[in-house]
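Participant: 3D, please:
(2 chains)
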Number of protein chains: 2
Amino acid sequence: MSTPNFLSDFRSMSAIGATAGGGVDRQAGTIADGQTRHWFRGLVEGHGFEVHYDDVGNQFALLETVPGAPYIAVGSHLDSQPLGGRFDGAYGVLAGAHAALRLRDLLNSGGAEPAFNIVVINWFNEEGCRFKPSMMGSSVFTGKIPAQQALETTDPNGVTVETALNALGTRGDYRLDVAAYLEIHIEQGRSLEDNGLSIGLVESTWGANKYEFIVHGEQAHTGATVIADRHDALLGAAELVVAARDIAHQFSTEEHMVITSCGEFTVFPNSPVVVASRVNLLVDLRSTDPEVLAAADAELHRRVAAIEASANVRIERGAEHIWAAKAYDEAGMTLAAASADALGLSHGVVRTLAGHDSTNMKDMVPTIMLFVPSVDGISHNERELTSDEDMLAGVDLLTELLGRVVQGEFVAP
Amino acid sequence: MSTPNFLSDFRSMSAIGATAGGGVDRQAGTIADGQTRHWFRGLVEGHGFEVHYDDVGNQFALLETVPGAPYIAVGSHLDSQPLGGRFDGAYGVLAGAHAALRLRDLLNSGGAEPAFNIVVINWFNEEGCRFKPSMMGSSVFTGKIPAQQALETTDPNGVTVETALNALGTRGDYRLDVAAYLEIHIEQGRSLEDNGLSIGLVESTWGANKYEFIVHGEQAHTGATVIADRHDALLGAAELVVAARDIAHQFSTEEHMVITSCGEFTVFPNSPVVVASRVNLLVDLRSTDPEVLAAADAELHRRVAAIEASANVRIERGAEHIWAAKAYDEAGMTLAAASADALGLSHGVVRTLAGHDSTNMKDMVPTIMLFVPSVDGISHNERELTSDEDMLAGVDLLTELLGRVVQGEFVAP
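Facilitator: Now for the predicted structure:
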C-alpha cells in the first residue's frame, strides 16, 4: 500500500467530469457522479475501508478500529453544480478519508486509545440542481424527508432518483447510527481571505426561506396583441426578480445582512413572437437574524400581490423550503479552536450563508463545521479555488480534531 | 372529383399536429409541418394543381389556365407556433386554394377571360420559432436574405433548415416570377370585432425593431455570494424586460401606439443555487410612426446602458431585424374595397402589427393584404378562433378579388 498523498488524490478526483474551464460537471446521479463515487470506493477500499450504500445512495466508507464501538462521521458530497468548481464538497469528502487514514496510522503506532470507529460519508445530491431539493441524502438520513419521496423525485427529463441510482449501481440497504458529525468545506465567501485566516469555525447557519413561484399569464402574439390585452408571465416574473433584489437592499443593515436570489427561471413556451404563458422561478431570502428575515419575507409576499395587479398575472406559490437560522454546537467550536491552536493555525468564527449537509446533521447529533478559504469567495463556478496550502492545513486540522473526537473529547462513547 | 368544401378541408387540415387544447403544433420543418405540406400537396394535386418546391422549401401549387401567361400569387403559411392556433397562416393558404378552384370553375363556365395563371404559395417558416428569423421563406424569395444563410440556420439542437427540409422531402429547385401577391389572414387583433366588420383592408405594416441581447454576468453561489459581489445576468435581463414595458407606456400616445415585447428569454446555467452567468433575450419595439419608433428605440438603448451599471453586468447586442413601417398598394385597397362592396361585406381599413409574408412581398410586387376577424383578438394561442361564417366570407372575397386581378384589374398582364 503506497503512502496516501492528499494532493495527488485530489488531482485524480478532479479529472472526473472535468470541464474545459477548469471546473467539474458531476451533477447528482449522472455518469460523472457515478464515476466519482466508484473512484472513491476504489480509493478507500484500497486503504482497507469497507464501503456501503443506503437506499438513497448515501455512500459510507467505514474504518473499524474498535470492534463494536459507535461511529464518528466525517463527510461532505462529491456531486457538483453544472460547470461547478472542483473543491465544493469533494474537498471535504477526500479530506475526511485522508484524516481517517492518518489517524489510523497514528493510532497503530501506539499511544492514544480510540473510543469510536470512523465513517466517511459522501452524501447523495447535496447540490440539488438535477434533482430538487438540495441536501437530499442528508435530509433523508436525518428523517427530514421520506426516502420514498426522494426516490420518486424526477429530473427535467422525468428520470427518477431511484432509476438514476440503480443505473449507477450505488444504492443499497445499509443503515448506520452515528454519534457525532464533522464536516470541512470551502468557505464560498471571502471573510477568511479578507481577514487573513486559515480556518473558519462555523458558528451558525443563516436562516433561508426558499420559494418556488409559478407566474401564470396568457399566451398571445407579441406583435398583434396590444399592451392592455396582455397577461405577460415574463413581465410578472421579471418584476419579481427586480423586487427580490430591492428587498435585499431595503432590509440589510450594518448588523444583519439580507441576501436574496433567483437561481432558476424557466419561460414557457419561450418562442420569440409569443407572450409567455408561464414562468417558473425560485426566489430565496437569507438572513442571520430571524426577525429581519421574517420582515423581508412579509415584504416579498406583499410585492407578489402588488405584481399580480401591476403585471396582470396570477402568481401561484409552489414548493417551499424553510431553514431557520441555527447555531452549531458550542463545545464543538471550542474543541476545534483548541485543535487549530495546537497546530498554530489562525482561525475565526464565521457563519455559513450556504446550506451544507452539516445543516441537517447538526439537528440530529453534535456537529462541527469547518471552513477553509476560497480565493475571492468565488464558488459554483469553474474558477473556484482553494490553495494547496490551505487544503493541506484543513486536512491537518481535521486529523487533529477527529483524533480528539474519536478519543471521546466531544461526545461520550 | 368531389366538390371542394372549404370547411371540411379546414377541419381535416386542423387535425394535423392537433393539440389537446384545440390548437396545433406544426413548427417549421418538423414532422407535423411536413405532414401538413404533404396533405396540402395531395389536396391540390387531386384538384389538378401542379406542385413544386424551391430550395428553401417554399411550396408552389400552380393552376395554369392560360398557357405561358404570368402568375398571380395568393398565399400564406402552414407552419405554426408551438401550441399555436389552427387559423394563423393555414386559413390563408387553404382560402387561396379554394378561391383558385372556384375561380377556375367560374372561368370554365365561360364569360370572363383570364390574363394570368394562379399560384397558391405556402411559405416556409413564417413563424420563426424553431428557426430564426420569421418570414424566412418569403425573405429568401424576395432577396432579403440569401438562400444559403437560410439553409444553414440551426434550431436549438443544431439541426439545419437544409437537413430538416431534406428529411421531409419538401425541397426542390423550382423558380417562379409572380406579377402580384394577395394574402388573407386572421387579424390577430380586435379592431374588426370591436367595429363589427367582416373584412379588414390592410393599409400598412407597423415598423418593428427586433433585437437580441446577451446579458453577461458571472456564475456564483446564490447563498454564499454577497450582493455587492454579484454580477447577476438574470437581474440585468429582468430589468430590461421591465424597462421595455415602461417604454411602451412612455411613448404611446393617442395617435401612435408603441408596443414592446420580450418573447424569448433563456437563462444559463439555470440552476436553483447559481447566480446566472448569462441570459439571452429578444426585445422588440413596434410603432405605426417611424419618429415615435426611433425615439422609443433610442430610449431602449439608453436604458440598456443604465442597466449595465445598475445590475453590474455587460449587455451585448446580438442579431437585429429592422422592418420600416410601409404602406400597401393604394390601388389594391381600392380594388379590394370594391370587391367587398360587390359582395355586400362590411369592411374597414386596418394596420397590421404582426409581420406577414405579404410584408416582404409588397416590397417586390403590387400586394393586397386582407384580414378576417379574430375572436377577442386572441392569437399564437390554442384558443385562437375565427367563426365559420367569417372564414367563408373571406373565401368569397378572395375569390371575387382574385377573379378581378387575374382579369387584369390590378396589374397589367
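Participant: wait, A:Q35 sits on A:G17?
Facilitator: Yes. A:Q35 is within contact range of A:G17, at 7.1 Å (criterion: C-beta atoms under 8 Å). To be clear about C-beta, it is placed using only N, CA and C from the backbone, and glycine gets the same treatment.
Participant: Neighbour count for these two, which is higher?
Facilitator: Neighbours per residue (other C-beta atoms under 10 Å in any protein chain shown) separate A:Q35 from A:G17, with A:G17 holding more: 23 against 17.
Participant: pLDDT score assigned to that one?
Facilitator: In this prediction, A:G17 carries a pLDDT score of 94.
Participant: lowest average confidence, helix or strand, in chain A?
Facilitator: Each helix and strand of chain A was given a mean pLDDT (mean pLDDT, DSSP states H and E); the minimum falls on strand A:220-221 at a mean of 88.
Participant: who touches both of A:Q35 and A:G17?
Facilitator: Between them, A:Q35 and A:G17 share these contacting residues under C-beta atoms under 8 Å, 6 or more residues apart in numbering or on different chains: A:R26.
Participant: So the residue nearest the centre of chain A versus A:E126, what's the distance?
Facilitator: Of all residues in chain A, the one closest to the mean position by C-alpha atoms, centre = their mean is A:H356, 3.8 Å from it. Distance check for A:H356 against A:E126: by C-beta to C-beta, to the nearest Å, it reads 7 Å.
Participant: anything in contact with each of those two?
Facilitator: Common neighbours of A:H356 and A:E126, using C-beta under 8 Å, 6+ apart, are A:76, A:135.
Participant: For A:L7, which non-adjacent residue is closest in space?
Facilitator: Sequence neighbours aside, A:D388 is the residue nearest to A:L7 in space, at 5.8 Å (criterion: C-beta to C-beta, 6 or more residues apart in numbering or on different chains).
Participant: Give me the below-cutoff pLDDT ranges for the stretch 51-200 of chain A.
Facilitator: In the prediction, the stretch 51-200 of chain A carries residues with pLDDT under 70 at positions A:111.
Participant: Spell out which parts of the stretch 51-200 of chain A neighbour chain B.
Facilitator: A:81-83, A:127-129, A:132, A:134, A:187-190 (C-beta under 8 Å from any C-beta of the partner chain).
Participant: These into JSON lines, with extra columns for neighbour count?
Facilitator: Shown next, in JSON lines, are these (neighbours: other C-beta atoms under 10 Å in any protein chain shown):
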{"residue": "A:Q81", "neighbour count": "29"}
{"residue": "A:P82", "neighbour count": "21"}
{"residue": "A:L83", "neighbour count": "20"}
{"residue": "A:E127", "neighbour count": "27"}
{"residue": "A:G128", "neighbour count": "22"}
{"residue": "A:C129", "neighbour count": "24"}
{"residue": "A:K132", "neighbour count": "19"}
{"residue": "A:S134", "neighbour count": "26"}
{"residue": "A:E187", "neighbour count": "26"}
{"residue": "A:Q188", "neighbour count": "25"}
{"residue": "A:G189", "neighbour count": "26"}
{"residue": "A:R190", "neighbour count": "18"}
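Participant: Now for those: which two are most distant?
Facilitator: A:K132 and A:R190 (28.0 Å; C-beta to C-beta).
Participant: picking up where we left off before, what's the pLDDT at the residue nearest to the centre of chain A?
Facilitator: What the model reports for A:H356 is a pLDDT of 93.
Participant: Let me know whether stretch A:323-341 sits next to chain B.
Facilitator: No. Stretch A:323-341 does not reach chain B (C-beta under 8 Å from any C-beta); its nearest approach is 10.3 Å.
Participant: which outside residues touch that stretch?
Facilitator: Residues from elsewhere that reach stretch A:323-341, judged by C-beta under 8 Å, 6+ apart: A:198-199, A:201-210, A:287-290, A:293, A:346-347, A:349, A:355, A:358-359, A:362-363, A:366-370, A:397, A:400-401, A:404-405, A:409-410.
Participant: Please apply the same query to stretch A:298-314.
Facilitator: A:211, A:213, A:215-217, A:230-233, A:235-236, A:239-240, A:243-244, A:246-247, A:250-251, A:260, A:283, A:285, A:315, A:317.
Participant: same thing but at 7 Å, please
Facilitator: The set of residues external to stretch A:298-314 that reach it, using C-beta atoms under 7 Å, 6 or more residues apart in numbering or on different chains, is A:215-217, A:230-233, A:235-236, A:239-240, A:243-244, A:247, A:250, A:283, A:285, A:315.
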